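> pasting the sequence and the predicted model now:
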Amino acid sequence: KNIVILISGEGSNLQALINAQKAGKIRGKICGVFSNQLNAYGLERAKQAKIPIQILEAKTQPDHIEFDLNLIQKIDSYQPDLIALAGYMRILTPTFVQHYKGKILNIHPSLLPKYPGLHTHQRVLANGDKEHGSSVHFVTEKLDGGPVILQSRISVFPDDSEKTLMERIKVQEHHIYPKVVDWFMQGRLEMRSGIAWLDGQ
Ligand code: GRF
């Protein structure tokens, strides 16, 4: 079974998924990594792991729907069972989301439904929240609004900064994302009527 991963940057979650695959903890193969950023460090990680990479920059195709149609065409050549977004910083069009309905996962650095969108760590600090975290969820047309599958939670300390929050959250993301991807690859997880269902067996 094939997994395609979309990134835009650092790619530490991609690395966690690569490591999990190597350790036999994901029943599936990462067969392609796509980036919309030429300089994404995650591309180096993919190359190291000998995973084919493709770069699709928005400036070469400014029309968002055309961009996503092109992305779909390229992704489909890998016959993916799952599309995992791992720090992909571009909103997906409804065209894309419908094409892979129920097959797209994302990891978002907040305790959804709190703080969809950008700058989550900053907003947590500004609001004086005592807790923060990260959520793995199915992707629907609503930005960061699809059904949540698994969350990790951290305490926010008085001396925390955006950087320390991001670092602590990423450590947890690297545990929860591979776990959810493996559930999906095992066929235990599905989106049914807008709800995430996990089979207990
Ligand atoms: C993660 O914090 C993830 O929750 C968010 O973007 C960040 C990506 O980090 N969607 P990385 O590129 O995987 O290091």
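Yep, that arrived.

> point me to the residue of this structure nearest the ligand.
Gly87 (2.7 Å; C-beta to the nearest ligand atom). C-beta: built from backbone N, CA, C; applies to glycine.

> show me the contacts for that residue.
Contact analysis of Gly87 by C-beta atoms under 8 Å, 6 or more residues apart in numbering lists 7-14, 42, 107.

> with Asn127 instead?
Counting by C-beta under 8 Å, 6+ apart, Asn127 has no contacts.

> make it 10 Å
With contacts defined as C-beta atoms under 10 Å, 6 or more residues apart in numbering, Asn127 is in contact with 114-115, 156.

> so which bits of the protein are right by the ligand?
With C-beta under 6 Å from any ligand atom as the criterion, the chain meets the ligand at residues 9-14, 42, 86-87, 107-109, 134, 170, 173.

> now name the helix or strand holding the residue of the chain positioned farthest from its centre.
Distance from the centre of the chain peaks at Pro158, with 28.9 Å (C-alpha atoms, centre = their mean). For Pro158, there is no helix or strand it lies in under DSSP states H and E.

> may I have the phi/psi pair for Lys179?
The phi/psi pair for Lys179 (degrees, to the nearest 10) reads phi -60, psi -50.

> isn't it right up against Leu105?
No: taking contacts as C-beta atoms under 10 Å, Lys179 lies outside contact range of Leu105: 11.4 Å.

> hey, where'd the strands end up in this protein?
2-7, 29-35, 53-55, 82-85, 104-108, 131-138, 148-155, 189-192, 195-198 (DSSP state E).

> which stretches of this protein aren't confidently modelled?
The chain contains residues with pLDDT under 70 at 201.

> can you list the residue ranges for helices in it?
12-22, 42-48, 64-76, 94-99, 120-126, 162-185 (DSSP state H).

> want to try JSON lines for those, with mean neighbour count as columns?
Listed next are the helices of the chain as JSON lines, based on neighbours: other C-beta atoms under 10 Å:
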{"stretch": "helix 12-22", "mean neighbour count": "21"}
{"stretch": "helix 42-48", "mean neighbour count": "18"}
{"stretch": "helix 64-76", "mean neighbour count": "16"}
{"stretch": "helix 94-99", "mean neighbour count": "16"}
{"stretch": "helix 120-126", "mean neighbour count": "18"}
{"stretch": "helix 162-185", "mean neighbour count": "18"}
